[in-house]
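>>> need coordinates for the below:
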Amino acid sequence: MLFHPFEIAISGFSGTGKTTLAAAIVNRLSKRFTVGYYKHGCHRFDIDREGKDSHTLKQAGAGTVMISDPEKKAVIAGTGNRQVSERMVFLDCDLLLVEGLKELPLPKLLMVDRERKILDLLAAGIIPQPVALVLTGPETEPPLNSCNLPVFHRDDIDTITAFIESFLAAKVSETPLSGLILAGGRSRRMGTDKALLSYHGKNQILHTAALLKEHCREVFLSCRSDQEATYASFGLPVITDRYLETGPAGGLLSAQHHHPQDAWLAVACDMPFLNGALLGELLENRMPLRFATAFRHAGSGKFEPLSACYEPKSRTALLAGHAEGNHSLQALLEGRRIGEITLSDSRAISNINDPESMQKALREFRPSCGENRP
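Take a look at the predicted model:
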């Protein structure tokens, strides 16, 4: 990854129609996705001009200048090593289309000029990671089977767009999905460890783990370091908090530190009404190009952060919030582009936090749980 987790370039010599093709593809993709566009030019360019305030301040010595109006903003800066900031700019986009940069290691559609000179560079190993060739000559031009790459014609926009979508879908399928049980709370209102309560014949750790195992390659248990010895006996890999006193966000960040390439289906340990069908609905509607997918409560309008799927790129946003002292998963869901599912019945993801609520829940489960009968 250079600029974005889901990036693809259109590369080739000048005059092969890269910009025209890029515009047509963006036009189609933008109907379903938020698309970023990175243009690399070999020549100097100006987005400012003499006489404007921003130009005056840049000439006066300002290292970075930002100009904004109610609809847009622009940043004028030098080059230097700005890769991290460039990634942050594009992070809210679902995907990124890059124009140019044929020598850099990112997947690319390679525009084949009519003289096919670009193929000499490809054969010499100068152009890395081509995923397809795009012909720019007459439609009767013979295919280039010797390259063992898909071949399209520049004018076949729909087919090229479909190829890009399938390419990104394949990349999504490579992302492991892990389960995370958030059990690091102190259970102050309950007065006893909520994770060890039993509503279904086994404690909430084991019950929740069984639900997550239906959907995830592996299930981890997030907890404080002083809980590790107790929880280790349940046979789940334990991830102790690296980010102290930061709530569930710290548990998720700790898991992301150990497995940064994973998506995480994160669930609180105190949701005894949670069921496999609801988790299946969440994943069926998952939008993996966004930061997360979460349920929105129909009544309050708020997102449910403790039964949600967090994508790998959410880590960058969470770390940025952590640096500013914001440790709220709710803030992440409210402030970033996510997939949302309206939840008409919030009972399934209700938290049981106090003894009165626990007793009420036990009475509801009693008919189906022999061990709770008098």
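
>>> for the chain, which helix is longest?
Criterion DSSP state H: the longest helix present in the chain is helix 157-173.

>>> quick check: mean pLDDT across it?
Mean per-residue pLDDT for helix 157-173: 96.

>>> can you list the domains in this protein?
Following automatic domain parsing, the chain resolves into domains at 7-46+72-173, 177-367.

>>> poorly predicted segments of this protein, please.
When residues are selected by pLDDT under 70, those of the chain lie in 41-45, 80-84, 139-146, 367-374.

>>> by contact count, what packs against the top strand by length along it?
Ranked by number of residues, the top strand in the chain under DSSP state E is strand 303-310. Judged by 3 or more C-beta pairs under 8 Å, 6 or more residues apart in numbering; DSSP states H and E, the packing partners of strand 303-310 are helix 247-258, strand 263-268, helix 276-284, strand 292-297, helix 329-335. Quick note: C-beta positions are derived from backbone N, CA and C, even for glycine.

>>> might you calculate how far stretch 95-109 sits from the centre of the chain?
Relative to its chain's centre, stretch 95-109 lies at 20 Å (C-alpha atoms, centre = their mean, to the nearest Å).

>>> sorry, back to before: tell me the most buried of the domains of the chain?
domain 177-367 (a mean of 18; mean count of other C-beta atoms under 10 Å).

>>> quick one: the strands in the stretch 101-250 of the chain, in order.
108-112, 130-135, 151-153, 177-182, 218-223, 238-240 (DSSP state E, counting those that start in this stretch).

>>> want to try JSON lines for those, with distance to residue 92 as columns?
Output for those, formatted as JSON lines (distance: least, C-beta to C-beta, whole Å):
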{"stretch": "strand 108-112", "distance to residue 92": "23"}
{"stretch": "strand 130-135", "distance to residue 92": "25"}
{"stretch": "strand 151-153", "distance to residue 92": "29"}
{"stretch": "strand 177-182", "distance to residue 92": "22"}
{"stretch": "strand 218-223", "distance to residue 92": "27"}
{"stretch": "strand 238-240", "distance to residue 92": "28"}
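
>>> surely residue 122 touches residue 129?
No: counting by C-beta atoms under 8 Å, residue 122 does not reach residue 129; the two are 10.8 Å apart.

>>> what's the helix or strand for residue 316?
Element membership for residue 316, per DSSP states H and E: helix 314-323.

>>> same check, this time on residue 49
Counting by DSSP H and E, residue 49 is found in no helix or strand.

>>> gap between residue 135 and residue 118?
Separation of residue 135 from residue 118 (C-beta to C-beta, to the nearest Å) stands at 11 Å.

>>> quick check: neighbours shared by the two?
Common contact partners of residue 135 and residue 118 (C-beta atoms under 8 Å, 6 or more residues apart in numbering): residue 112.

>>> sorry, back to before: next one: the longest strand of the chain to chain centre, how far?
That offset, for strand 303-310, works out to 13 Å (C-alpha atoms, centre = their mean).

>>> same deal with stretch 86-106?
15 Å.

>>> what's the answer for stretch 287-294, then?
Centroid displacement of stretch 287-294 relative to its chain, using C-alpha atoms, centre = their mean, is 6 Å.

>>> quick one: contacts of it?
Residues contacting stretch 287-294 (C-beta under 8 Å, 6+ apart): 6, 33, 94-95, 168, 172, 175, 263, 282, 285-286, 303-305, 307-311, 313-314, 317, 332-333, 336-341.

>>> shouldn't residue 152 be in contact with residue 133?
Yes: when contacts are counted by C-beta under 8 Å, residue 152 is listed as touching residue 133 (7.3 Å).

>>> common neighbours of these two, please.
Between them, residue 152 and residue 133 share the contacting residues residue 109, judged by C-beta under 8 Å, 6+ apart.

>>> follow-up on the earlier one: what's in contact with the helix holding residue 316?
In contact with helix 314-323 (C-beta under 8 Å, 6+ apart) are residues 87-88, 91, 243, 246, 249, 252-253, 256, 260, 291-292, 327-329, 331-332, 336.

>>> ok, stretch 102-116 next?
1-3, 7-13, 15-18, 21, 98, 101, 118-119, 121-122, 126-137, 144, 152, 154, 160, 164, 167.

>>> returning to what we had before: CA atoms only for the longest strand of the chain - export them in CSV, please.
Extracted as CSV, the C-alpha positions of strand 303-310 are listed here (Å, rounded to 0.1, in the frame of the first residue of the first chain):
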residue,chain,number,x,y,z
PHE,A,303,-24.7,3.6,16.5
GLU,A,304,-23.9,0.5,18.5
PRO,A,305,-20.1,0.4,18.8
LEU,A,306,-19.9,-2.8,20.9
SER,A,307,-21.4,-5.1,18.3
ALA,A,308,-19.8,-3.9,15.1
CYS,A,309,-17.2,-4.9,12.4
TYR,A,310,-14.1,-2.7,12.3
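
>>> what lines up beside that strand in the sheet?
strand 263-268 (antiparallel), strand 292-297 (antiparallel) (DSSP bridges).
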